[in-house]
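K.L.:
3D, please:
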Amino acid sequence: MTDMLNSINISFKTSAIVLISGISSVVLSVIVLLSVLSGGIAL
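P.N.:
Residues are numbered from 1 along each chain as shown. A predicted model of the protein is given here:
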């Protein structure tokens with residue numbers, strides 16, 4: 001029983017890490033796009 005709970009806990013942690021890294025990469029790309037767009041407008 002405890003083994004099953006441990007594996008579920010580990011899978012939850014991995015999915016959370018994957019989610020966080022995916023969201024942060026999306027946010028980073030959006031920020032880069034916005035800065036490039038504003039830079040182009042400024043030029």
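K.L.:
Secondary structure element holding Ser29?
P.N.:
Under the criterion of DSSP states H and E, Ser29 resides in helix 2-42.
K.L.:
That helix - what's its average pLDDT?
P.N.:
Mean pLDDT, helix 2-42: 92.
K.L.:
tell me what that helix is packed against?
P.N.:
If contacts are counted by 3 or more CB pairs under 8 Å, 6 or more residues apart in numbering; DSSP states H and E, helix 2-42 sits against no helix or strand. All C-beta spots, glycine's among them, are computed from the backbone N, C-alpha and C.
K.L.:
Pull the distance from that helix to the chain's centre.
P.N.:
Mean-position distance between helix 2-42 and its chain equals 0 Å (CA atoms, centre = their mean, to the nearest Å).
K.L.:
can you check stretch 27-43 too?
P.N.:
19 Å.
K.L.:
Alpha carbons of it, as PDB, please.
P.N.:
What follows is stretch 27-43 as a C-alpha-only set of coordinates in PDB (Å, rounded to 0.1, in the frame of the first residue of the first chain):
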ATOM      1  CA  VAL A  27       6.000  33.000 -20.300                       C
ATOM      2  CA  LEU A  28       9.600  33.500 -21.300                       C
ATOM      3  CA  SER A  29       8.800  33.200 -25.000                       C
ATOM      4  CA  VAL A  30       5.800  35.600 -24.600                       C
ATOM      5  CA  ILE A  31       8.100  38.200 -22.900                       C
ATOM      6  CA  VAL A  32      10.700  37.800 -25.600                       C
ATOM      7  CA  LEU A  33       8.000  38.200 -28.300                       C
ATOM      8  CA  LEU A  34       6.600  41.300 -26.600                       C
ATOM      9  CA  SER A  35      10.100  42.900 -26.200                       C
ATOM     10  CA  VAL A  36      10.900  42.200 -29.800                       C
ATOM     11  CA  LEU A  37       7.600  43.700 -30.900                       C
ATOM     12  CA  SER A  38       8.000  46.800 -28.700                       C
ATOM     13  CA  GLY A  39      11.700  47.100 -29.900                       C
ATOM     14  CA  GLY A  40      10.500  47.000 -33.600                       C
ATOM     15  CA  ILE A  41       7.800  49.600 -32.900                       C
ATOM     16  CA  ALA A  42      10.400  51.800 -31.100                       C
ATOM     17  CA  LEU A  43      12.700  51.500 -34.100                       C
END
